[in-house]
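# no sequence for this one, just the structure:
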């Protein structure tokens with residue numbers, strides 16, 4: 001065998017090893033991105049459940065809160081904004097702006113729901129209503145599921161971002177179009193609590 005042929009074989013083997021290594025990096029980024037997208041899908045399921053409960057809650061409260069139509073309308077408006085933001089974020093959870101818009105919309109909805117719950121405290125008949133009590137319990141349960149799903153999503157995003165930002169993956173991540181993913185967290189500490197929806 002000639003030295004030229006040996007050199008070509010060695011270069012070919014090195015090129016194949018490098019190609020397989022780059023393919024491995026790409027595949028690991030795809031896997032991690034799909035994991036955080038799946039984790040967001042779990043948030044989306046719980047948010048949709050929450051959005052479906054809210055109109056029932058408002059309808060139940062409407063009969064008792066006739067003089068609080070502004071509060072009820074604010075809840076429905078906030079729910080619609082949050083639902084639209086959730087739909088946009090669900091279309092592409094890797095879009096940081098869409099996730100940030102969802103966080104803002106969710107904070108607004110949480111505030112509107114909290115106000116509704118505070119107002120409803122002044123109406124003993126509403127507090128005693130069985131349907132309102134059941135809806136409130138379901139909403140509280142859903143809020144807990146959203147928090148759990150959000151934690152899972154954030155964990156997946158953290159693993160993805162860490163992999164994306166470490167050497168040597170960082171060299172190829174930008175070339176392959178893997179953008180930094182946004183955590184789903186509520187910035188205002190007063191908004192970190194789920195709305196108080198218990199009637200006792």
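Looks like it came in fine. As the structure is a computational prediction, the values presented were derived from the model and not from experiment.
# So, low pLDDT: which residues of the chain?
186-200 (pLDDT under 70).
# mind running it again at 50?
Filtered on pLDDT under 50, the chain yields the residue ranges 189-192, 199-200.
# And the strand or helix carrying residue 162, what does it pack against?
Secondary structure from DSSP states H and E places residue 162 in helix 130-165. Contacts defined by 3 or more C-beta pairs under 8 Å, 6 or more residues apart in numbering; DSSP states H and E place helix 130-165 against helix 3-62, helix 96-120, helix 169-173. The way it works is simple: take the backbone N, C-alpha and C, and place the C-beta from them, glycine included.
# Quick one: those helices as CSV, columns for distance to residue 185 and mean neighbour count too.
Shown next, in CSV, are those (distance: least, C-beta to C-beta, whole Å; neighbours: other C-beta atoms under 10 Å):
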stretch, distance to residue 185, mean neighbour count
helix 3-62, 12, 15
helix 96-120, 7, 20
helix 169-173, 23, 15
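# OK, contacts around the closest residue to residue 22 other than its chain neighbours?
Once flanking residues are discounted, residue 22 sits nearest to residue 172: 6.2 Å by C-beta to C-beta, 6 or more residues apart in numbering. For residue 172, the contact set (C-beta atoms under 8 Å, 6 or more residues apart in numbering) comprises 22, 25-26.
# now do 10 Å
Contact analysis of residue 172 by C-beta atoms under 10 Å, 6 or more residues apart in numbering lists 21-22, 25-26, 29, 164, 178.
# Likewise for residue 72?
If you count contacts by C-beta under 10 Å, 6+ apart, residue 72 has them with 57-59, 61-62, 65-66, 112, 116, 119.
# what about 8 Å?
Contact analysis of residue 72 by C-beta under 8 Å, 6+ apart lists 58, 61-62, 65, 116.
# Redo those as TSV? Include distance to residue 3.
Shown next, in TSV, are the contacts of residue 72 (distance: C-beta to C-beta, whole Å):
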residue	distance to residue 3
58	82
61	86
62	88
65	90
116	82
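# Just the closest of those residues to residue 182, please.
residue 116 (28.8 Å; C-beta to C-beta).
# Quick check: that closest one touching residue 76?
No - Residue 116 lies out of contact with residue 76 (C-beta atoms under 8 Å); the separation is 10.1 Å.
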